[in-house]
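Novice: coords below, sequence missing:
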């Protein structure tokens, strides 16, 4: 996720400490904010709305915690390579999608803020 640092470096303060959320608790915060459930995101659905929410959640969990991509994948019943793809996809989408970038930054600074 080195590419993320280039895109978000002006928005992420250095030296912040991670909250002590479990992966499930951090994911639950995201699900509530995105009006979705884990069950919905675990579906193999390729509908854009579900796929996008799942990719954003994977990206933010990868950014937020010290969890492996394999652990994040287990939460969603997906392979670690799906998490890698999701992180790359969200990173690339933030370059052109200003609303997505603003949402990601807002989540980083409010809901999943590292203190």
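Specialist: Received the coordinates, thanks. Bear in mind the structure is a predicted one, so any value in this text is a computation, not a measurement.
Novice: ranges for the helices of the chain?
Specialist: 2-8, 23-33, 38-42, 48-64, 69-76, 80-96, 98-106 (DSSP state H).
Novice: what are the contacting residues of the second one?
Specialist: For helix 23-33, contacts defined as Cβ atoms under 8 Å, 6 or more residues apart in numbering pick out 19, 21, 37-38, 41, 56-57, 60-61, 64-65, 67, 71-72, 75, 107, 111-112. For glycine as for every other residue, the C-beta is placed from the backbone atoms N, C-alpha and C.
Novice: shaky segments in the chain?
Specialist: 1-20, 113-115 (pLDDT under 70).
Novice: cutoff 50 now
Specialist: 1-18 (pLDDT under 50).
Novice: next, the buried residues of stretch 37-50.
Specialist: 38, 41, 50 (16 or more other Cβ atoms under 10 Å).
Novice: quick one: distance of stretch 60-79 to the chain centre.
Specialist: Distance of stretch 60-79 from the chain centroid (Cα atoms, centre = their mean, to the nearest Å) equals 9 Å.
Novice: buried subset of the contacts of helix 23-33 as a PyMOL selection?
Specialist: Buried subset of the contacts of helix 23-33, written as a PyMOL selection, criterion 16+ other Cβ under 10 Å:
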select buried, resi 38+41+56+57+60+61+64+65+67+72+75+107+112
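Novice: surely residue 55 and residue 90 touch.
Specialist: Yes: using Cβ atoms under 8 Å as the test, residue 55 is close enough to residue 90 to be in contact (5.4 Å).
Novice: okay, those two: which has more neighbours?
Specialist: The residue with more neighbours, out of residue 55 and residue 90, is residue 90; 24 against 20, by other Cβ atoms under 10 Å.
Novice: got a list of what that one touches?
Specialist: Taking Cβ under 8 Å, 6+ apart, one finds 55, 56, 58, 59, 100, 104 in contact with residue 90.
Novice: from residue 96, how far off is it?
Specialist: Applying Cβ to Cβ, to the nearest Å, the value for residue 90 to residue 96 is 12 Å.
Novice: of the helices of the chain, flag the one that's most buried.
Specialist: helix 48-64 (a mean of 20; mean count of other Cβ atoms under 10 Å).
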